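Participant: I would like to see how this sequence folds:
(2 chains)
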Amino acid sequence: MHKEAAIRKPLILGKKTYHDITEDICRPIESKAPKNWYILITIAGLIGLYGIGCILYLLGTGIGTWGLNKTVGWAWDITNFVWWVGIGHAGTLISAVLLLFRQKWRFAINRAAEAMTIFAVFMAAIFPGIHMGRIWVAYWVFPIPNQFGSLWPNFNSALLWDVFAISTYLSVSLVFWYIGLIPDFATIRDRAKTPTAKKIYGMLSFGWSGRAKHWNRFELVSLVLAGLATPLVFSVHSIVSFDFATSVIPGWHTTIFPPYFVCGAVFSGFAMVQTLMLILRKAFKLEAYLHVKHIEYMNIVIMVTGSIVGVAYLTELFISWYSGVEYESYAFINRFSGPYWWAYWSMMTCNVVSPQLMWFKKLRTNLTFTFIISIVVNIGMWFERFVIIVTSIHRDFLPSSWSMFYPTHIDIGIFIGTIGLFFTLYLLFARYFPVMPIAELKTIVKTSSEYYKNKDDNH
Amino acid sequence: MNFSISPKAKKLIFGIAGLGVLFLIIGFATNHADVKTRLMSDLLINSFFFLSAAAAALYFLALNYATEAGWFVVVKRIIEAVASYVPVGAGIFALVLLAITFMDGAHVYVWMDQSVVDGDTMIQNKQAYLNKMFFWIRTIVYLGIYIWFYIGFRKRSIKQDEVGGNEIYFKNYKKGAAFLVFFAVFSSTSTWDWIMSIDVHWFSTLFGWYVFAGSWCSGMVVLTLLAVYLKKNGYLEQIKEAHIHDLAKWVFATSFLWTYLWFSQFMLYWYSDIAEEVIYFNTRIEEYKLIFFSMMLINFVLPMVLLMSREAKRHAGTLTVVGCIIFVFHWVDVNLLVIPGVFGSHGQIGFMEIGFFCVFVSIFLMVILNTLTKAPLLAVQDPYLDESLHHEF
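Facilitator: Below is the predicted model of the structure:
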């Protein structure tokens, strides 16, 4: 028999029954979309379209439309790529790692976070794709048998490992997310009033009937996928970090990169979950399922991962001096006092200082403050990648080839465009998909909801 | 119920100690290396290894408090017992460091030797950090803070048995978080000071986390085996298979963490092949190939293959065998962190090293078992006790 200590805060507020949960989560799908949704999706869609326009222009004209030059061959493109992949970490971490740790509060956020993960990885995948220049031969990155002689991708290259890492991660996350959705789609199908909706949700739910056999397979497959997804969460960003760390570039080549990139990714991913969920819970009136305690937990995760990232920054800084390698030392001196000092100090302020404010209970339980910090963190994490990438290569071993990077409007347009596309997808998700796992929330009503907890204590 | 050390256990521990002494005698008789250096390097390896395993237990305790874990309450006293080696181990470790300092590094810390430093500009550049004075200030701070937190956690835990209530729990929650902050920084910097500075020209940003992962794994092995032992001998019948399973999961997980960090550090230096970085692994691969790779493979493959299944994680026999082997091989890992740096190509793991290991194991076990006798084995007033008693999955 499972028992939950009285000292634990309830995860579902008020007196919610099984039926209430179904009602609360299906309501946004079954009712008419509010005017605000149309306004938001129009704005996001237009921004996304602008981004697509910039991408088409880039593909038609060439990589030269970016602000890259001979010294700075990687800049915003890879910065944006790593930024999006990082954001795409939280979903699977929440659903797989928190599952292993039996953290029941994850039910409030896992569905939406997984959706966010998938959309973020889509956005990330755009950048290496369009950076190839000749996107029509993009399939060359895959090790497929071919007739070009011995033309194979370079298996020694971390960039190729990255293709595998990210595509594996994306497939597993997608399957994991979808499997979880099946019983909930069936619920919506059974409640649907119009034949079209019934048909569509019927297909989406793969003929789910709720039989014991179905549940049994569902549980089994979820567990297997969680087991697969956990190492993937670590591998993806570790391998992203290998893109840099396997090189000999000062500032890139350091052994702490893999775990520190993973922590940074979780950090930014949770910040994005926080940003999105704070809006979602309000718009959909889901405050009972996602309340201050959940937000506090997420803020603690942000604080912890932010602190680990901070320790890693300082470790790098210290070892660059301790190593006695003058190129390494210079790379770091240049970071904090060179022409890009403002990027370094923005990164430090946003990623290291701001999460420390979460030590104060008053602040980490304050929703407005949380919302602001969640955005600050993601600004900081963008700067982190910019600092690592651009300030490490813009002044390389030969001072005669030192250079600066200035973004063009195409750089900016594509980045902003991906944000637009991301929000478009997210808004569609929020409108047509159950944003919280209906079936899984029901499993914790009896143990962790406010009403049942109080009832248990009283008798 | 209180624990008492059985005569059998006592005999076993004294047996191990006796064996260790015997090995030490043979070791001294057959030693060809510089005795002072070998003695100091062995004492450093063993006092560090056991202290770090105990510190990992202390960290694990703090982690459970800070994350509001409930399942661990029935094994809490075991964790405290392992952590109770921290003050003893810190004392031994400080004595070893003191001896090394008085011997001007004893060829272990060459940066303590002025005659070496004078001829080496690389070390001179590091003198702001690597000097006896600052080294000792840091060492005292690390050890002092570990001891202070241990005493606090233990005192509150015992007091909770009498007074109950949630107040002590909330205090532990706060102190747990505070300890994690110190530990996050010190687990890295202390390893630079105590271990990385042996290979004084070498550096790796990941080093501290890597060494910590190894000690975490060793600490989890000790906790798991103690839980198995107590359950088997009729103490703490509240420990259910689910608790053993959870502890074993930690052994499994930390083995992976260790491997992940081993790989990250090794691969990045091997791949880039920069002379001053890769030399560290060159020495280990060329001169210590067998131990280096067997250590790596055993610590990775053994837990992965044998502890993967649910049944194995609940099986006392499997856990004992796998646990003992990887505990020894994490000790081998620490040997490899020290010996090649001190002796270059002609170091070895011989009678003397094994002798010291045996002696330290018996001290370690004696301290832990002795702490177990000092307090009831079940923390009866912990607010999460009920959750832990009903732990099932």
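Participant: what number of residues lie near residue 339?
Facilitator: Went with chain A since none was named. 12 (other Cβ atoms under 10 Å in any protein chain shown). Yep, even glycine has a C-beta here, placed from its N, CA and C like the rest.
Participant: My question was about chain B, not that one.
Facilitator: By the other Cβ under 10 Å criterion, the neighbourhood of B:Ile339 contains 25 residues.
Participant: ok, now which ones touch the residue nearest to it when sequence neighbours are not counted?
Facilitator: For B:Ile339, the nearest residue in space outside its immediate sequence neighbours is B:Gly347; the separation is 3.7 Å by Cβ to Cβ, 6 or more residues apart in numbering or on different chains. Under the criterion of Cβ atoms under 8 Å, 6 or more residues apart in numbering or on different chains, the neighbours of B:Gly347 are B:33, B:287-288, B:339-340.
Participant: Could I get the phi/psi values of B:Gly347?
Facilitator: phi -80, psi 170 (degrees, to the nearest 10).
Participant: what's the pLDDT at B:Ser272?
Facilitator: On pLDDT, B:Ser272 comes in at 93.
Participant: A:Met348 and B:Val86, how far apart?
Facilitator: With distances taken as Cβ to Cβ, to the nearest Å, A:Met348 is found 34 Å from B:Val86.
Participant: between the two, which one's more packed in?
Facilitator: With other Cβ under 10 Å as the criterion, A:Met348 and B:Val86 differ in neighbour count, and B:Val86 comes out ahead with 26 against 20.
Participant: show me the contacts for that one.
Facilitator: Contacts of B:Val86 by Cβ under 8 Å, 6+ apart are B:51, B:54-55, B:58, B:146-147, B:150.
Participant: What does the pLDDT read for it?
Facilitator: If you check B:Val86, the pLDDT there is 97.
Participant: Now do stretch B:377-384, average pLDDT.
Facilitator: Per-residue pLDDT values across stretch B:377-384 average out to 91.
Participant: Alpha carbons of it, as CSV, please.
Facilitator: Output in CSV follows, covering the C-alpha atoms of stretch B:377-384 (Å, rounded to 0.1, in the frame of the first residue of the first chain):
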residue,chain,number,x,y,z
LEU,B,377,18.6,1.7,14.2
LEU,B,378,15.2,3.2,13.3
ALA,B,379,14.6,7.0,13.3
VAL,B,380,11.2,6.6,14.9
GLN,B,381,10.1,10.2,14.8
ASP,B,382,11.0,11.2,11.3
PRO,B,383,8.0,12.8,9.6
TYR,B,384,8.6,10.6,6.6
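Participant: Quickly find the element holding the residue nearest the centre of chain B.
Facilitator: In chain B, the residue lying closest to the centroid (Cα atoms, centre = their mean) is B:Ala53, at 2.1 Å. B:Ala53 is part of helix B:35-66, with elements assigned from DSSP states H and E.
Participant: so what does that helix touch, helix or strand wise?
Facilitator: Using 3 or more Cβ pairs under 8 Å, 6 or more residues apart in numbering or on different chains; DSSP states H and E, the elements in contact with helix B:35-66 are helix B:76-83, helix B:85-102, helix B:132-163, helix B:167-194, helix B:207-232, helix B:316-343, helix B:351-374.
Participant: Looking at these, which is nearest to A:Gly60?
Facilitator: Evaluated over these, closeness to A:Gly60 peaks at helix B:207-232, with 46.6 Å, by Cβ to Cβ.
Participant: Enumerate the positions of the very next helix or strand once past that closest one that are buried.
Facilitator: Next along the chain after helix B:207-232, taking DSSP H and E as the criterion, comes helix B:241-272. By neighbour count, with 16 or more other Cβ atoms under 10 Å in any protein chain shown as the criterion, the buried positions of helix B:241-272 are B:241, B:243-269, B:271-272.
Participant: quick one: the nearest residue to A:Val82 once chain neighbours are set aside from A:Asp162, how far?
Facilitator: Counting by Cβ to Cβ, 6+ apart, A:Arg385 is the residue found nearest to A:Val82 once chain neighbours are left out, at 4.6 Å. The gap separating A:Arg385 from A:Asp162 is 14 Å, by Cβ to Cβ.
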